[in-house]
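Colleague: Below are the sequence and a predicted model; questions follow.
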Amino acid sequence: MGSPDKVQVLEKCRVAPPKGSISSTSLPLTFLDLPWLVIAPVDRLFFYEFEHSKAHFMNTILPNIKHSLSLTLQQYYPLAGNLTWSQESTKPEILYTIGDSVSLTVAECDRDFYNLTGNHARDANEFHPLVPTFAQVNSSEKLVPAMALQVTLFPYKGICIGIKMNHVVADGRTSNHFMKSWATLCRLEGDHTSVATESFVPLYDRSIVKDPKEIEKTLLNDMAKLNITSDTFKFSAVAFVSDKSDNVQATFVIGQSDVKKLKEWISTRLRNEEGILPQLHLSTFVLACAYVWVCLIKAEWVSNDDVVKVSEDQKEQFAFAVDGRSQLNPPVPITYFGNCLGYCLVKSNRKALLQDDGIAIAAELIAKGIQKIRNPDELWTLVANFYCRNPSVPRLDPDCTITVAGSPKLNVYETDFGWGKPKKVEVISIRGSGAISLTEYPHEEGALEIGLVRTKKKMDAFSSLFINNLKSLPSGSGN
């Protein structure tokens, strides 16, 4: 297992927006934010090659990182603030007070940079000292930080930028806009005049998010039944402790040739007796998710000794978030700050997905699920039911649901601080949820990168299935 003493903290500081640039303000949560109140923060690491000394980093690079961060927070000031829930308010809000700032940890690491940035199975514990932690604000249990950052130097090898984002404050698109804005200002050494204004300034107007079906009221009522109230709301610091499990983190790639073979193979099996293919959009996303979902289920089957747990009759669910900015009425701009995610949830039973045509069955389910959520009412169904515990109501069941973190549409590998594009981007928070991460693969257009954390036994089983099943698919098997 990884040893934490290989990471040395050089500095702990706080970075605020430029003095006098922002007044104290609050931002209410919408019905689209509320489900994320009980979800763990998102931890993401950006690794960059950097073949310079510690002295050069401390004297030249670090001051620019801090300065550009301060300038970025002038536009993204809620990220310097805190989440709070006063007794007088019916729901939480994001509060920015003059003087608020973001925790920034600066560290040095002597671990093998190139081992950490590989695709092979690596000890999951090795990553966690690179992830920032939330610090309690002013000894108040009623203030929860929006974000924390860490910059870790690997002398003469690389730099890692770690971000911990409170998901109730920002979704993936908002977090991605912040990171790219910060990276751009850092690359331009603070010259904000070269940054396109329309793509840089976030939109904070909550009034544009309409809630005609009163989903917020439903959520707050269900939250009260679960005792999620202003009385129970408080800061909870969960420090990472290196565990004794053999969890490993690995990355798998589905290339264009794999996508083509999967599409042909699945299309052949979905044709009816007349040879007609259903009207389904078998996108790269659909194909990749179907393939990974079935491989994960099979890996669980072959690697788990608990026969009851892996019963063929077990319910299986697959869920992923969908950016709903364009499906609100009226639509909201992509620069809208906050959460604007709906959900797609598909269900099956394990027996069906373990069949020879299981991947085709999974692909059809996911493709039909995407068609279904084109109806906005369907897209927001899981949002409205998030806190409902009525067994007849469709909801995410964490015991049998594989979820997706991230999206290839975010183009995270375009986040350039001035040291080139990332060598590797890892989502660390999937360890606790069992989710898969999904990003674009930077070395081949149209390819996807899948991140996974499992025990070594389950990872070995998954890896064997993932690699060998792709190899066994015939080329040119259908038209």
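Modeller: Yep, that arrived.

Colleague: quick one: the helices in this structure?
Modeller: For the chain, the helices defined by DSSP state H occupy 54-56, 62-75, 113-116, 172-187, 197-200, 215-225, 256-270, 284-303, 350-353, 358-372, 376-379, 381-384, 430-433, 456-472.

Colleague: Now mean neighbour count too, for these, in CSV please.
Modeller: C-beta: built from backbone N, CA, C; applies to glycine. Listed next are the helices of the chain as CSV, based on neighbours: other Cβ atoms under 10 Å:
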stretch, mean neighbour count
helix 54-56, 12
helix 62-75, 20
helix 113-116, 18
helix 172-187, 22
helix 197-200, 12
helix 215-225, 17
helix 256-270, 19
helix 284-303, 22
helix 350-353, 18
helix 358-372, 21
helix 376-379, 15
helix 381-384, 21
helix 430-433, 18
helix 456-472, 17
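
Colleague: Out of these, the one nearest Leu448 is which?
Modeller: Nearest to Leu448 among the helices of the chain is helix 284-303 (5.0 Å), distances taken as Cβ to Cβ.

Colleague: so Phe57 sits right up against Gly158, yeah?
Modeller: No - with contacts counted by Cβ atoms under 8 Å, Phe57 stays clear of Gly158, the gap being 10.6 Å.

Colleague: quick one on the thing from earlier: in a markdown table, list the helices of the chain along with distance to Val9.
Modeller: What follows is the helices of the chain, written out as a markdown table (distance: least, Cβ to Cβ, whole Å):
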| stretch | distance to Val9 |
| --- | --- |
| helix 54-56 | 14 |
| helix 62-75 | 14 |
| helix 113-116 | 18 |
| helix 172-187 | 21 |
| helix 197-200 | 32 |
| helix 215-225 | 37 |
| helix 256-270 | 42 |
| helix 284-303 | 36 |
| helix 350-353 | 46 |
| helix 358-372 | 44 |
| helix 376-379 | 43 |
| helix 381-384 | 39 |
| helix 430-433 | 22 |
| helix 456-472 | 30 |
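
Colleague: ranking those helices by mean pLDDT, which is last?
Modeller: The weakest mean pLDDT among the helices of the chain belongs to helix 197-200, with a mean of 59.

Colleague: Residues in contact with both of Phe57 and Gly158, list them for me.
Modeller: Phe50 (Cβ atoms under 8 Å, 6 or more residues apart in numbering).

Colleague: before we move on, the earlier item: can you say which of the helices of the chain is nearest to Tyr413?
Modeller: Nearest of these (Cβ to Cβ): helix 172-187, 11.0 Å.

Colleague: From the contact counts, what lies against the closest one?
Modeller: strand 42-49, helix 62-75, strand 158-165, helix 197-200 (3 or more Cβ pairs under 8 Å, 6 or more residues apart in numbering; DSSP states H and E).

Colleague: Can you tell me which of the ones you listed is nearest to Lys456?
Modeller: strand 42-49 (21.0 Å).

Colleague: follow-up on the earlier one: could I get the helices and strands packed on helix 172-187 as a markdown table with distance to Leu220?
Modeller: Putting these into a markdown table (distance: least, Cβ to Cβ, whole Å) gives the following:
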| stretch | distance to Leu220 |
| --- | --- |
| strand 42-49 | 24 |
| helix 62-75 | 30 |
| strand 158-165 | 24 |
| helix 197-200 | 34 |
